[in-house]
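Participant: predicted model and sequence below, questions to follow.
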Amino acid sequence: MKTVVNGFAKFIVSNATIALAIMLLPVFLITEQVTFFDHIMDYLFNNKS
């Protein structure tokens, strides 16, 4: 059950991240370091969570 809940949470976060990435496109043109976005990517692609 924990795996299902964790998978659903990652599904929701990944969809929200796509919208966030689109909104942050002008910021990515100026800088490559957006720590909040980096933390989200670590959460989504880290196999430990």
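Facilitator: That came through fine.
Participant: any low-confidence regions in this structure?
Facilitator: 49 (pLDDT under 70).
Participant: what's the longest helix in it?
Facilitator: Using DSSP state H, we find that the single longest helix of the chain is helix 2-23.
Participant: C-terminal to that helix, what's the next element?
Facilitator: Where DSSP states H and E defines the elements, the next helix or strand beyond helix 2-23 is helix 25-30.
Participant: show me which residues of that following helix are buried.
Facilitator: Using 16 or more other C-beta atoms under 10 Å as the test for burial, helix 25-30 gives no buried residues. Any C-beta I mention is one placed from the backbone N, CA and C, and that applies to glycine too.
Participant: how far does the helix or strand following it sit from the chain's center?
Facilitator: Downstream of helix 25-30, the next assigned helix or strand under DSSP H and E is helix 35-45. Taking C-alpha atoms, centre = their mean, to the nearest Å, one finds helix 35-45 lying 5 Å from the centre of the chain it belongs to.
Participant: elements contacting helix 35-45?
Facilitator: helix 2-23 (3 or more C-beta pairs under 8 Å, 6 or more residues apart in numbering; DSSP states H and E).
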